[in-house]
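[1] next come a sequence and a model predicted from it.
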Amino acid sequence: MEALQPHSDSVLHFTKMQGLGNDFVVLDGIRQTIHLSPEQIRAIADRHFGIGCDQILLVEKPESPDCDFRYRIFNADGSEVTQCGNGARCFAVFVRRAGLSDKAIIQVETRAGQMQLQILENDEVLVNMGAPRFAPEQIPLRAAEEGPEYLLEVDHDTLRMAALSMGNPHAVLRVPDVREAPVTQLGPKIENHPDFPERCNVGFMEICDRTHIRLRVWERGAGETLACGSNACAAVVAGIRWGELDEQVAVDLPGGRLSIQWAGPGQAVMMTGPVRVVFDGTWPSRQTAQ
Ligand SMILES: N[C@H](CCC[C@H](N)C(=O)O)C(=O)O
């Protein structure tokens, strides 16, 4: 793929990509000067008046000398966040395809820490997502003490859930059948619950056996998506902490399957999955109004 030419300010060059149907507008912020307001992010992400995506991913020069790139993530609602697992896989393929890197292992920095991305022989991508964080203040979650499970009062019901950070906040509830899970009813109420001061992503997990789960996710700032890589990691970690899952788990989401591995506390969560390029395009860079 030829390297992108320097661009005029009048248009923004982007690549539409997806990982299991979790879709992204990916922007090269190294060879383009990009400053997007939350209003412009929302306009780009709009599925009727814009390009349409769950998140926008921005490639920038790193601040840290031992990283190859800085990786910034913006939800469709315009909020900037600190982690996106499916997006990390797309990020690795984007920088390789754009001629920004030919490294086998790419080190990226986010606002939540550093991650390693590796494009495998079968064109899938292996992501070292870093170690999960459980301390309530690191999630963040308003809770008296850390534990494998928390109780949350929602509409006069008491819900049991795991909560942890993968660099972004996650709640995980166990359900008997994901097809019947109240994703759109409970998802937004838990996402916006006052006990999650920075909101959260909400996973509904059906444990099929010790090496296989089904998962649906209501994402912070994006709603239900076809897949959420960081929540898939959080769900596997929660299930292992509950003593219900082994170290290596197949996670079936509506958009497809991820492979997640976690060797236990203090260890990184490893995620492997596919990436697809959908199309390249241009966006009138000053366009915001619908
Ligand atoms: N909605 C998430 C960001 C995107 C996460 C998801 N797309 C993934 O693959 O991890 C958040 O607000 O933390």
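    Structure's in. What do you need?
[2] quick one: the helices in this structure?
    Applying DSSP state H to the chain gives helices spanning 38-45, 85-97, 183-191, 229-241.
[3] what angle separates the second one from helix 229-241?
    Read that as helix 85-97. 130 degrees (axes from the mean of the first three to the mean of the last three CA atoms, to 10 degrees).
[4] average pLDDT for helix 85-97?
    Helix 85-97 shows a mean pLDDT of 98.
[5] and what of the shortest one?
    Here helix 38-45 scores 96 as its mean pLDDT.
[6] report the beta-bridge partners for Q18.
    For Q18, the beta-bridge partners are D23, R276 (DSSP bridges).
[7] ok, the most centrally placed residue in the chain - contacts?
    In the chain, the centroid-proximal residue (CA atoms, centre = their mean) is C84; its distance is 2.4 Å. When contacts are counted by CB atoms under 8 Å, 6 or more residues apart in numbering, C84 touches F24, Q55, L57, I73, N168, G229, S230. The way it works is simple: take the backbone N, C-alpha and C, and place the C-beta from them, glycine included.
[8] again, only using 7 Å
    By CB atoms under 7 Å, 6 or more residues apart in numbering, C84 lies in contact with Q55, L57, I73, S230.
[9] out of the residues you listed, what pair is the most spread apart?
    L57 and S230 (13.4 Å; CB to CB).
[10] look at these two and report which has more neighbours.
    S230 (31 against 24; other CB atoms under 10 Å).
[11] ok, the more buried one touching N168?
    Yes - assessed by CB atoms under 7 Å, S230 is found in contact with N168 at 5.6 Å.
[12] what sits in contact with each of these two?
    With CB under 7 Å, 6+ apart as the test, S230 and N168 both reach Q83, N201.
[13] spell out which parts of the chain neighbour the ligand.
    Applying CB under 6 Å from any ligand atom, one finds that the chain approaches the ligand through 22, 54-55, 73, 75, 81, 83-87, 168, 201, 219-222, 228-230.
[14] so where's this protein uncertain?
    Low-confidence segments of the chain (pLDDT under 70): 1-9, 286-290.
[15] 80 instead, please
    Applying pLDDT under 80 to the chain picks out residues 1-10, 285-290.
[16] can I see the domain layout of it?
    If you go by the TED database, the domain ranges for the chain are 11-119, 136-273.
[17] any idea how far apart the tips of the last one sit?
    This points to domain 136-273. Its first and final residues considered, domain 136-273 spans 29 Å by CA to CA, to the nearest Å.
[18] same question for stretch 124-137.
    End-to-end distance (CA to CA), stretch 124-137: 34 Å.
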